[in-house]
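Enquirer: this is a predicted model, with the sequence first.
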Amino acid sequence: MIYPKELDINPSSYVDPNGRVFTVDNEIYRLLHPDYTDTVKDLFAKGTVARLIQKGLLVDSKLVDPNSDTLILHHRRIDFASYCVEWPFYLLKKAALQTLQIGIEILPDGMFLQDAHPWNIFYEWTNPVFIDFTSVVRTESNVLWPAYQQFCQFFLFPLYLYSNNQGKAVRALLHDYLNGVGYRDFEKLMPASFRLTHPLIYLKRIVPEKLGAMANNFERVNSKVISTSKGMYSSSAKLKNDRLRFYNDLLSDVASIEIPCKKTRWTNYYEDEAKELKNKLELVSVSIERLKPLTVLDVGCNTGEFSVVAAKAGASVVSFDNDETCVEKLARRADESGLHILPLVMDFSNPTPSFGWSAQQFPVASKRFKSEMVMALALIHHLVFHQRQSFDRIIDGLLQYTDKWLIIEYVDIQDSYIQRWSINFERFAWYTRVNFETALKKQFKTVEFIGSVTETRHLYVCNIL
């Protein structure tokens, strides 16, 4: 099928054989290939689509004109697209479980997922939403699950590695959006003790990958004997039951993976500064209640105390920090409380760039997370003294994320926290409150001092308009 050139085709939709995603007036549509028409009609007629949507497993989708020769789906837009390279592993695990649950749900209808990677999922706060409708296809193979290798590379191996304190390496490997974490990566990074402490897991999940790789070097392989990298083969007579057992077994393996929440220097920061936290919460809360932003970005959110304030005030919140443990704590809290907070692992000084095919497939973070309000609390002094950034450069960076307001904190150089740092303060003679206010006034129409948290910590609300 030749797709019209005038359509604004989504750059992530270039390889799907069953359709193309496009946008009209900010609405999301999917033009379906004629060969996929019968499958789509079957999914709607059997109630599969309605069931998946009702269970929160699939993005809300409907046919624009069911009687048309050319079928087009309309999908509900998910605000704030995020990717697995930014998710805390708590969210990666939830996405893995959801992928398997979809596989189990569509199995009775003779369907399976032809893809099993996290690029098919967006997060709506802490709820995973499967967006790749055309990944649901008929099971016309005697393979248990052709996407099993992908599942291992993008879900299973990363989760096992993260549970063994390899989170930083995993996050870097996931940027390889085609290959993820291969079994060779897994073996190099995983402690040798894993084989001894998890022998059954190793035999079930790692050995089949090895055999599959070995099989590719031979012309003739008895596919009924070994488990290839595409999944485990079985006789057709009991294939459906084998598939169900396979999914459930994999589901149990993923559910059993423990995501560590190690204590870091930042995880108890606000617990150690209870009085400061109380004062700052009051000042921030008053400003949010007065301005009523619909969307808020909390930069350097720590464990998300101020994100929670914004969410409880009715805002949709994106929060990010480069401390994975802090973000893991926030993810659990937001999930348990049902708060509209999307917690992500990202560094303000090195945010997620555009990447993927020709660096256009996955848009830059500043485009995806732009909000009405940005909060930058207890952040500026770290960027100045540890990363040698100027006020102007920091403010320019924050402006990429806000449409209207900025709540920002200035910490005096005399602050006891800063004074503990081993720094040549003579180099930072320019770091003064007057220069900070001057830098703000160059970029914002209004700069309002809203109060002091302590004698050395001061809050401002700035308005672009």
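Expert: Structure's in. What do you need?
Enquirer: which ones are touching Gly314?
Expert: Neighbouring residues of Gly314 by CB atoms under 8 Å, 6 or more residues apart in numbering: 292, 294. Heads up, the C-betas are built off the backbone N, CA and C, glycines and all.
Enquirer: which parts of the stretch 301-450 of the chain are strands?
Expert: In the stretch 301-450 of the chain, the strands defined using DSSP state E, counting those that start in this stretch lie at 316-321, 341-345, 371-376, 402-411, 446-454.
Enquirer: can I get those strands in JSON lines including mean pLDDT and distance to Val85?
Expert: Rendered in JSON lines, the data for these read as follows (pLDDT from 0 to 100; distance: least, CB to CB, whole Å):
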{"stretch": "strand 316-321", "mean pLDDT": "97", "distance to Val85": "12"}
{"stretch": "strand 341-345", "mean pLDDT": "97", "distance to Val85": "8"}
{"stretch": "strand 371-376", "mean pLDDT": "97", "distance to Val85": "20"}
{"stretch": "strand 402-411", "mean pLDDT": "96", "distance to Val85": "23"}
{"stretch": "strand 446-454", "mean pLDDT": "94", "distance to Val85": "34"}
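Enquirer: so which of those is nearest Asn279?
Expert: strand 446-454 (4.8 Å; CB to CB).
Enquirer: what lies in contact with that closest one?
Expert: Contact with strand 446-454 is made by 276, 279-280, 283, 286-287, 409, 415, 437, 440-441, 458-463, as judged by CB under 8 Å, 6+ apart.
Enquirer: partners of it in the sheet?
Expert: With DSSP bridges as the test, strand 446-454 is paired with strand 457-463 (antiparallel).
Enquirer: in the strand it pairs with, what's buried?
Expert: Within strand 457-463, the residues that qualify as buried by neighbour count (16 or more other CB atoms under 10 Å) are 457-462.
Enquirer: quick check: the farthest pair among the residues you listed?
Expert: When these are compared pair by pair using CB to CB, the two farthest from each other are Arg457 and Cys462, 16.8 Å apart.
Enquirer: so what's Asp60 closest to, chain neighbours aside?
Expert: Distances taken as CB to CB, 6 or more residues apart in numbering place Arg76 nearest to Asp60, at 3.9 Å, with adjacent residues excluded.
Enquirer: before we move on, back to that, now the strands of the stretch 301-450 of the chain as CSV including distance to Asn67 and mean neighbour count?
Expert: Formatted as CSV, these follow (distance: least, CB to CB, whole Å; neighbours: other CB atoms under 10 Å):
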stretch, distance to Asn67, mean neighbour count
strand 316-321, 37, 27
strand 341-345, 38, 28
strand 371-376, 41, 24
strand 402-411, 41, 22
strand 446-454, 55, 15
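Enquirer: dump the ones you listed to JSON lines, plus distance to His117.
Expert: JSON lines is the format used below for the strands of the stretch 301-450 of the chain (distance: least, CB to CB, whole Å):
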{"stretch": "strand 316-321", "distance to His117": "22"}
{"stretch": "strand 341-345", "distance to His117": "18"}
{"stretch": "strand 371-376", "distance to His117": "28"}
{"stretch": "strand 402-411", "distance to His117": "32"}
{"stretch": "strand 446-454", "distance to His117": "44"}
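Enquirer: among the ones you listed, which comes closest to Val136?
Expert: Scanning these with CB to CB as the criterion, the closest one proves to be strand 341-345, at 25.6 Å.
Enquirer: can you read off the pLDDT for the closest residue to Tyr83 other than its chain neighbours?
Expert: Counting by CB to CB, 6+ apart, Tyr83 lies nearest to Phe362, which is 5.9 Å off, once chain neighbours are set aside. As predicted, Phe362 sits at a pLDDT of 89.
Enquirer: need phi/psi at Leu97.
Expert: When quoted as degrees, to the nearest 10, the phi and psi of Leu97 stand at phi -60, psi -40.
Enquirer: returning to that earlier point: report the contact partners of the residue nearest to Tyr83.
Expert: Contacts of Phe362 by CB under 8 Å, 6+ apart are 12, 83, 177, 352, 354-356.
Enquirer: could you rerun that using 6 Å?
Expert: Phe362 is in contact with 83, 355-356, counting by CB atoms under 6 Å, 6 or more residues apart in numbering.
Enquirer: ok, Thr37 next?
Expert: When contacts are counted by CB under 6 Å, 6+ apart, Thr37 is found next to Leu71.
Enquirer: just how off-centre is the strand or helix carrying it within its chain?
Expert: When secondary structure is defined by DSSP states H and E, Thr37 falls within helix 37-45. The gap between where helix 37-45 is centred and where its chain is centred comes out at 30 Å by CA atoms, centre = their mean, to the nearest Å.
Enquirer: give the next helix or strand downstream of that helix.
Expert: Note on helix 37-45: by DSSP H and E, the next helix or strand toward the C-terminus is helix 48-54.
Enquirer: tell me the mean pLDDT for that next one?
Expert: The model assigns helix 48-54 a mean pLDDT of 94.
Enquirer: any residues touching it, and which ones?
Expert: Residues contacting helix 48-54 (CB under 6 Å, 6+ apart): 43, 58, 60, 109.
Enquirer: highest neighbour count among these?
Expert: Sorting those by how many neighbours each has (other CB atoms under 10 Å) puts Leu58 first, at 25 neighbours.
Enquirer: list the residues that contact that residue.
Expert: By CB under 6 Å, 6+ apart, Leu58 lies in contact with 52, 130.
Enquirer: repeat that for Val129.
Expert: By CB under 6 Å, 6+ apart, Val129 lies in contact with 59, 78, 122.
Enquirer: what about the last one, how many neighbours?
Expert: Phe122 has 22 neighbours, counted by other CB under 10 Å.
Enquirer: that one looks like it's in a strand, true?
Expert: Yes: Phe122: assigned to a strand according to DSSP: H, G, I helix; E, B strand; the rest coil.
Enquirer: is it true that it touches Ile131?
Expert: Yes: with contact defined as CB atoms under 6 Å, Phe122 counts as touching Ile131 (5.5 Å).
Enquirer: how much space between the residue nearest to Asp60 and Gln361?
Expert: Here the criterion is CB to CB, to the nearest Å. By it, Arg76 lies 22 Å from Gln361.
Enquirer: and what of Arg290?
Expert: Here the criterion is CB to CB. By it, Arg290 lies 40 Å from Gln361.
Enquirer: in a helix, Leu244, correct?
Expert: Yes: secondary structure of Leu244 (three-state DSSP): part of a helix.
Enquirer: from Glu105, how far off is it?
Expert: Taking CB to CB as the measure, Leu244 falls 11 Å from Glu105.
Enquirer: higher neighbour count, the two?
Expert: Counting neighbours by other CB under 10 Å for Leu244 and for Glu105 shows that Glu105 has the greater number, 18 against 15.
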